[in-house]
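K.L.:
Model the following, please.
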Amino acid sequence: MSGRIIGISGPTVSVALKGLKLHERVIVGDARLMGEVVRVEHDRAIVQLYENTRGIGVREPVEPTSAELTATLGPGLLGQMFDGLQRPLEAMRRQSGPFIVAGEFTTVEEKPRMKFSPLKNVGDAIRAGEAVGFVEEGAFRQDIFADAAGIVEEIVQGAVDSESAIAVLRGGRKVLLHHPWPVRVARPCRGKLFRFEPLVTGQRCIDFLFPLAKGGTAIFPGGFGTGKTILEQSIAKFANVDIVVYVGCGERGNEMAEMLDDFSAMKDRWTDRPLMSRTIVVVNTSNMPVAARESSIYTAVTMAEYYRDMGYHVLLLADSLSRWAEALREISSALEEMPGDEGYPTTLASRMAEFFARAGLVETLDGKTGSLTLMLSVSPPGGDFTEPVTQACMRTTGSFFMLDTALAHRRHFPAIDWFQSFSLYEEEVASHFDKEVAPDWSTLRRQTRAILQQEEKLREVAEIVGTESLQESDRLVMKVAEEIRTKFLAQNAYTDDAFSTPQQTHQKIKAILDAYAIEKEALDRGKK
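P.N.:
Below is the predicted model:
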């Protein structure tokens with residue numbers, strides 16, 4: 001059954017076709033452009049196209065697919081770069097050149113055969129979500145999951161290709177290397193676990209003052225030029241996780257090109273393998289269609305959940321969530337929906353909360369423990385943190401790292417404001433560092449914060465009466481606070497200081513505070 005286009009308004013197309021369902025994927029026009037049903041009415045539907053609508057016309061055919069937008073999950077994702085529809089950009093470049101061609105993309109490249117090692121035998125019972133076997137891909141073991149419960153009737157061993165069944169369950173159901181999953185549906189797990197393990201980012205300001213937990217969430221709001229992209233890329237390079245999924249959502253193409261060049265040349269400091277071997281990049285730059293930008297976040301988090309289900313610790317970084325929210329606003333405006341604050345859809349907060357809920361430390365269906373951590377940058381217009389996207393994120397995030405324009409102007413990077421930022425995981429993660437790194441970790445953190453707060457008060461007084469009018473003890477506090485700011489909290493992303501282990505972080509701050517204690521004691525003796 002097919003229908004016809006009856007109206008076109010930018011990327012929004014009205015189609016005369018009954019029986020469509022919300023979020024169903026359809027093929028539109030003679031050019032076979034991909035789109036998604038965003039509104040269903042009695043005798044027509046509204047479709048939002050993932051691609052540019054230039055050149056299509058009224059009465060061109062529309063074909064349903066009876067399926068939502070899905071991500072294909074299986075071996076071969078690591079080290080790849082995709083667009084928001086999970087089309088492999090490198091394969092597209094080889095086949096059609098450096099510019100994306102509209103329409104369906106079907107790769108004709110022959111995929112290499114892979115060695116499959118079974119974990120089940122003929123006659124074994126298997127649950128849905130349990131691993132049938134695995135293949136090796138680089139340094140990672142890729143589990144192959146059964147998508148239904150049953151009894152194994154056939155299973156292969158040795159070299160297999162992506163099209164062949166690796167197992168057959170009773171009743172004839174086949175298990176393949178790859179399987180589709182609707183991107184807007186969270187992958188299931190047995191349950192979420194409520195314990196906190198530190199995610200080491202290598203950024204002293206974060207690891208020491210505002211630590212992040214594996215399975216947690218964090219946002220980086222900051223105005224233009226505050227270093228959001230560089231900070232996220234530094235964390236992607238050095239974080240102690242197994243897999244990194246990086247989403248360039250609505251960012252400039254030159255920034256993404258520079259990042260890919262860096263990642264291709266670098267080695268992972270934890271495994272000494274190429275950094276791209278543990279990385280998946282999803283790219284939807286600012287000049288790509290708005291609907292594909294909106295879907296890129298969901299495509300990325302689905303792939304991240306897939307590796308979480310294997311028991312890996314996965315980090316998803318998105319730059320930036322504001323561009324995703326702007327895509328929602330454009331789509332909502334095209335549908336003539338009732339606008340909320342600043343034109344964003346009224347469902348913005350619930351959409352954000354639904355997305356943040358896909359993070360967590362979980363027990364997988366296969367009985368393993370894996371985590372998915374979300375770290376998302378936000379680009380509030382004019383650096384206004386009261387705007388709807390930042391406020392919606394603050395209601396659901398576990399960590400808030402405010403990037404301050406004034407610090408960036410002073411060339412202090414990362415420009416994290418240590419007075420406005422917070423982490424809800426602080427006490428639990430700090431207790432882990434007390435046990436694993438140094439017993440005085442929490443004590444040093446409290447002392448550091450007290451000195452920075454004291455300096456802020458003294459700075460206001462010094463601006464009025466001058467530094468020379470302050471007492472010697474107060475001048476000592478300001479001197480030590482300056483050392484903490486310039487030598488400890490500031491890190492150059494382009495030098496060897498770009499990454500600091502927890503042990504190095506502890507040694508650095510302890511040296512500063514021990515020197516302060518000696519000078520303070522000498523000052524107190526002099527007064528007596």
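
K.L.:
what is the rounded mean pLDDT of the host helix or strand of R94?
P.N.:
Assessed by DSSP states H and E, R94 sits inside helix 89-96. Mean pLDDT, computed over helix 89-96, is 81.

K.L.:
That helix packs against which elements?
P.N.:
Applying 3 or more C-beta pairs under 8 Å, 6 or more residues apart in numbering; DSSP states H and E, we find helix 89-96 packed against strand 81-82. Glycine gets a C-beta too; all of them are placed from N, C-alpha and C.

K.L.:
residues contacting H506?
P.N.:
Shown in contact with H506 (C-beta atoms under 8 Å, 6 or more residues apart in numbering): F433, V437, A438, W441, L444.

K.L.:
quick revisit: can I get the helix holding R94 in CSV, CA atoms only?
P.N.:
Presented in CSV, the C-alpha positions along helix 89-96 are these (Å, rounded to 0.1, in the frame of the first residue of the first chain):
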residue,chain,number,x,y,z
LEU,A,89,29.9,8.3,6.5
GLU,A,90,33.2,6.8,5.5
ALA,A,91,31.4,4.1,3.3
MET,A,92,29.2,6.9,1.8
ARG,A,93,32.3,8.9,1.0
ARG,A,94,33.9,6.0,-0.8
GLN,A,95,30.8,5.3,-2.9
SER,A,96,29.5,8.8,-3.6
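
K.L.:
which of the residues in it are buried?
P.N.:
L89, A91, M92 (16 or more other C-beta atoms under 10 Å).

K.L.:
Would you pull up how far it lies from the middle of the chain?
P.N.:
A distance of 25 Å separates the C-alpha centroid of helix 89-96 from that of its chain, computed with C-alpha atoms, centre = their mean, to the nearest Å.

K.L.:
on that earlier part again, with distance to F194 as new columns, can the buried residues of helix 89-96 be given to me in TSV?
P.N.:
Converted to TSV, the buried residues of helix 89-96 look like this (distance: C-beta to C-beta, whole Å):
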residue	distance to F194
L89	39
A91	42
M92	43
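
K.L.:
Nearest to A349 among those?
P.N.:
L89 (32.5 Å; C-beta to C-beta).

K.L.:
Name the nearest of the buried residues of helix 89-96 relative to A318.
P.N.:
L89 (17.6 Å).

K.L.:
for the closest one, what are its contacts?
P.N.:
Per C-beta under 8 Å, 6+ apart, neighbours of L89: M81, F82, D83, I100, V283.

K.L.:
any idea how far L89 is from the second one?
P.N.:
What it means is F82. In this view, F82 and L89 are 6 Å apart by C-beta to C-beta, to the nearest Å.

K.L.:
Overlap of the contact sets of those two?
P.N.:
What both F82 and L89 touch, as defined by C-beta under 8 Å, 6+ apart, is the set V283.

K.L.:
follow-up on the earlier one: now, which of the contacts of L89 sits nearest G150?
P.N.:
Using C-beta to C-beta, the contacts of L89 come closest to G150 at F82, 31.6 Å.

K.L.:
and that closest one, how many neighbours?
P.N.:
24 (other C-beta atoms under 10 Å).

K.L.:
same deal with L335?
P.N.:
As a burial measure, L335 scores 14 neighbours (other C-beta under 10 Å).

K.L.:
what sits against it?
P.N.:
Here L335 is in contact with T12, V38, R39, I46 (C-beta under 8 Å, 6+ apart).

K.L.:
Surely the third one is in a strand?
P.N.:
Translated: R39. Yes: counting by DSSP: H, G, I helix; E, B strand; the rest coil, R39 falls inside a strand.

K.L.:
residues in contact with L69?
P.N.:
The contact partners of L69, by C-beta under 8 Å, 6+ apart, come to H23, R25, E36, L85, P182, V183, R184, S295, Y298, T299.

K.L.:
Just those residues: which are in strands?
P.N.:
Assigned to strands by DSSP state E, the following of the contacts of L69 qualify: R25, E36, P182.

K.L.:
Does K368 touch R308 like I think?
P.N.:
No: look at K368 against R308 with C-beta atoms under 8 Å: they stay out of range, at 9.3 Å.

K.L.:
Give me the more crowded residue out of these two.
P.N.:
The residue with more neighbours, out of K368 and R308, is R308; 30 against 17, by other C-beta under 10 Å.

K.L.:
Check the gap between that one and E363 for me.
P.N.:
R308 is 11 Å from E363, where distance means C-beta to C-beta.

K.L.:
could you list every residue that touches R308?
P.N.:
Per C-beta under 8 Å, 6+ apart, neighbours of R308: R187, V314, V362, T364, G370, S371, L372.

K.L.:
Helices of the chain, residue ranges please.
P.N.:
89-96, 204, 228-238, 253-265, 290-308, 321-334, 348-356, 388-394, 405-409, 426-436, 441-465, 472-483, 502-527 (DSSP state H).

K.L.:
Could you check how far the shortest one is from the centre of its chain?
P.N.:
This points to helix 204. Distance, stretch centre to chain centre, for helix 204: 21 Å (C-alpha atoms, centre = their mean).

K.L.:
for the chain, what's the longest strand?
P.N.:
strand 369-378.

K.L.:
and the angle for it with helix 321-334?
P.N.:
Here strand 369-378 runs at an angle of 70 degrees relative to helix 321-334 (axes from the mean of the first three to the mean of the last three C-alpha atoms, to 10 degrees).

K.L.:
and strand 369-378, what other elements does it pack with?
P.N.:
strand 212-213, strand 217-221, helix 228-238, helix 290-308, strand 313-319, helix 321-334, strand 360-363, helix 388-394.

K.L.:
buried residues in the helix or strand of the chain with the lowest mean pLDDT?
P.N.:
Least confident helix or strand, the chain: helix 253-265 with a mean of 78, by mean pLDDT, DSSP states H and E. The neighbour-count check on helix 253-265 (16+ other C-beta under 10 Å) flags E255, M256, M259, L260, F263 as buried.

K.L.:
Outside of that helix itself, list whatever touches it.
P.N.:
Contacts for helix 253-265 (C-beta under 8 Å, 6+ apart): 81, 229, 233, 236-237, 246, 248, 274-276, 279, 281, 283, 285-287.

K.L.:
mind listing what the closest residue to F433 other than its chain neighbours touches?
P.N.:
Excluding the flanking residues, the one nearest F433 by C-beta to C-beta, 6 or more residues apart in numbering is W441, at 4.3 Å. Shown in contact with W441 (C-beta under 8 Å, 6+ apart): A430, F433, D434, H506.

K.L.:
Turn the helices and strands packed on strand 369-378 into TSV, columns for mean pLDDT.
P.N.:
Output for those, formatted as TSV (pLDDT from 0 to 100):
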stretch	mean pLDDT
strand 212-213	94
strand 217-221	95
helix 228-238	89
helix 290-308	91
strand 313-319	94
helix 321-334	88
strand 360-363	96
helix 388-394	93
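
K.L.:
what would the ones you listed look like in JSON lines with distance to G343?
P.N.:
Listed next are the helices and strands packed on strand 369-378 as JSON lines, based on distance: least, C-beta to C-beta, whole Å:
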{"stretch": "strand 212-213", "distance to G343": "32"}
{"stretch": "strand 217-221", "distance to G343": "19"}
{"stretch": "helix 228-238", "distance to G343": "23"}
{"stretch": "helix 290-308", "distance to G343": "14"}
{"stretch": "strand 313-319", "distance to G343": "21"}
{"stretch": "helix 321-334", "distance to G343": "5"}
{"stretch": "strand 360-363", "distance to G343": "32"}
{"stretch": "helix 388-394", "distance to G343": "9"}
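
K.L.:
Figure out which of those is closest to V132.
P.N.:
Nearest of the helices and strands packed on strand 369-378 to V132, taken as C-beta to C-beta: helix 290-308 at 15.0 Å.

K.L.:
how about the CA coordinates for the closest one, as PDB?
P.N.:
Output in PDB follows, covering the C-alpha atoms of helix 290-308 (Å, rounded to 0.1, in the frame of the first residue of the first chain):
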ATOM      1  CA  VAL A 290      17.200  19.300  11.500                       C
ATOM      2  CA  ALA A 291      15.200  16.000  11.900                       C
ATOM      3  CA  ALA A 292      18.400  14.000  11.600                       C
ATOM      4  CA  ARG A 293      20.000  16.200  14.200                       C
ATOM      5  CA  GLU A 294      17.100  15.400  16.500                       C
ATOM      6  CA  SER A 295      17.500  11.600  15.900                       C
ATOM      7  CA  SER A 296      21.300  11.600  16.400                       C
ATOM      8  CA  ILE A 297      21.000  11.700  20.100                       C
ATOM      9  CA  TYR A 298      18.800   8.700  20.200                       C
ATOM     10  CA  THR A 299      20.900   6.700  17.700                       C
ATOM     11  CA  ALA A 300      24.000   7.400  19.800                       C
ATOM     12  CA  VAL A 301      22.400   6.400  23.200                       C
ATOM     13  CA  THR A 302      21.000   3.200  21.700                       C
ATOM     14  CA  MET A 303      24.500   2.100  20.500                       C
ATOM     15  CA  ALA A 304      25.900   3.100  24.000                       C
ATOM     16  CA  GLU A 305      23.300   1.000  25.700                       C
ATOM     17  CA  TYR A 306      24.200  -2.000  23.500                       C
ATOM     18  CA  TYR A 307      27.800  -1.900  24.800                       C
ATOM     19  CA  ARG A 308      26.500  -1.300  28.300                       C
END
